[in-house]
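Undergrad: what's the 3D shape of this:
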Amino acid sequence: MSSQINSRSFFNQILPAQPCALCGTPSHDGIWCKACAAELPHLGDNHCPVCALPTPQGNICGHCLRHPPPFDHTVAAFAYAFPVDKLVQALKFSENLTLALQLADALAQRIDERPAAIVAMPLHPQRLRERGFNQSELLAQHLARFLGIPVLPDACTRIRNTAPQSTLPWKERDKNMRKAFTCNLDLQGKHVAVVDDVMTTGASIGALSATLRRAGATRISAWVVARTLPH
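TA: Coordinates of the predicted model:
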């Protein structure tokens, strides 16, 4: 895929050699070396194409058949397991922003369908001021450059400062995200990709996707670095 070629060339130009973030050996392939990359918890092929949870033969899972989510398709690079969980947390909470480039690259290599535009999962303005950056927006910007797809930075706004999803029981997450977003663009007839770092229950992406549907989007893909899998 061209995204892989372009990103590897980019890494080789500006990061000729550096210690692998996972094992410490010199890496010419970015933040982690080839050996560690092979050991990462890549998401398997046999998963539901809608929500990315494992299914025996890669068919749509029963839950998505009974209760189709507002999004049509999910692409995830990894399972949310060690050490990817620690890498995502380092990006999100320790401001290790260089991780965004290679995590986005790993996700870009899984994408085989080109939407019209990309929308990053928005943070509430108060949360954005506290953190100083939106990790989903960083991922979206890198994906846009890798894939040649525009980002719509101001398409959607988070109008409710919801509690962090990770602090809530799974059953309360849908309620927490109700009416959390608004969209001020006309997306009539467009295929839009929503970018976020992790999908757990799908409540956040589902709420944002429902907002995009109301703005006219006819197809919505969810692009996430990692998918939380059932224990």
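Undergrad: got a pLDDT number for Met1?
TA: Looking at Met1, its pLDDT stands at 44.
Undergrad: Likewise for Asn6?
TA: Note for Asn6: predicted pLDDT of 50.
Undergrad: begin at 29 from here
TA: Fine by me, first position is 29 from now on; the one you just mentioned is Asn34.
Undergrad: what about the strands in the protein?
TA: All strands of the chain, identified by DSSP state E, fall at 46-47, 54-55, 101-107, 145-148, 184-186, 209-211, 219-227, 247-255.
Undergrad: Nearest to Leu131, out of these?
TA: Evaluated with C-beta to C-beta, these place strand 247-255 nearest to Leu131, the distance being 4.9 Å. Where you see a C-beta, it was placed from the backbone N, CA and C, and this is true even at glycine.
Undergrad: Report how many residues lie close to Pro181.
TA: Pro181 has 15 neighbours, counted by other C-beta atoms under 10 Å.
Undergrad: mind listing what it touches?
TA: Pro181 makes contact with Ala148, Glu165, according to C-beta atoms under 8 Å, 6 or more residues apart in numbering.
Undergrad: where's it relative to Met205, distance?
TA: Pro181 sits 21 Å away from Met205, going by C-beta to C-beta, to the nearest Å.
Undergrad: Quick check, Met227 in contact with Ile233.
TA: Yes: counting by C-beta atoms under 8 Å, Met227 touches Ile233, with 6.0 Å between them.
Undergrad: For my notes, please list the strands of the chain in a markdown table and give mean pLDDT, mean neighbour count and distance to Pro69 for each entry.
TA: As requested, the strands of the chain are exported to a markdown table (pLDDT from 0 to 100; neighbours: other C-beta atoms under 10 Å; distance: least, C-beta to C-beta, whole Å):
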| stretch | mean pLDDT | mean neighbour count | distance to Pro69 |
| --- | --- | --- | --- |
| strand 46-47 | 86 | 14 | 22 |
| strand 54-55 | 87 | 16 | 19 |
| strand 101-107 | 98 | 22 | 4 |
| strand 145-148 | 98 | 24 | 24 |
| strand 184-186 | 94 | 20 | 29 |
| strand 209-211 | 95 | 20 | 30 |
| strand 219-227 | 98 | 24 | 13 |
| strand 247-255 | 98 | 25 | 8 |
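Undergrad: okay if I get those strands as JSON lines plus distance to Glu67?
TA: Converted to JSON lines, the strands of the chain look like this (distance: least, C-beta to C-beta, whole Å):
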{"stretch": "strand 46-47", "distance to Glu67": "17"}
{"stretch": "strand 54-55", "distance to Glu67": "14"}
{"stretch": "strand 101-107", "distance to Glu67": "11"}
{"stretch": "strand 145-148", "distance to Glu67": "29"}
{"stretch": "strand 184-186", "distance to Glu67": "36"}
{"stretch": "strand 209-211", "distance to Glu67": "37"}
{"stretch": "strand 219-227", "distance to Glu67": "20"}
{"stretch": "strand 247-255", "distance to Glu67": "15"}
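Undergrad: Among the ones you listed, which comes closest to Ala134?
TA: With C-beta to C-beta, the closest approach to Ala134 among the strands of the chain belongs to strand 101-107: 4.3 Å.
Undergrad: what does that closest one rub up against?
TA: Contact partners of strand 101-107, identified using C-beta under 8 Å, 6+ apart, comprise 68-71, 76-80, 112, 131, 134-135, 137-139, 141, 227, 247-257.
Undergrad: ok now do the closest residue to His75 other than its chain neighbours, which residues does it touch?
TA: Of all residues not flanking His75 in the chain, Pro82 sits nearest, at 5.2 Å (C-beta to C-beta, 6 or more residues apart in numbering). Going by C-beta under 8 Å, 6+ apart, Pro82 touches Gly72, Asn74, His75, Cys76, Leu257, Pro258.
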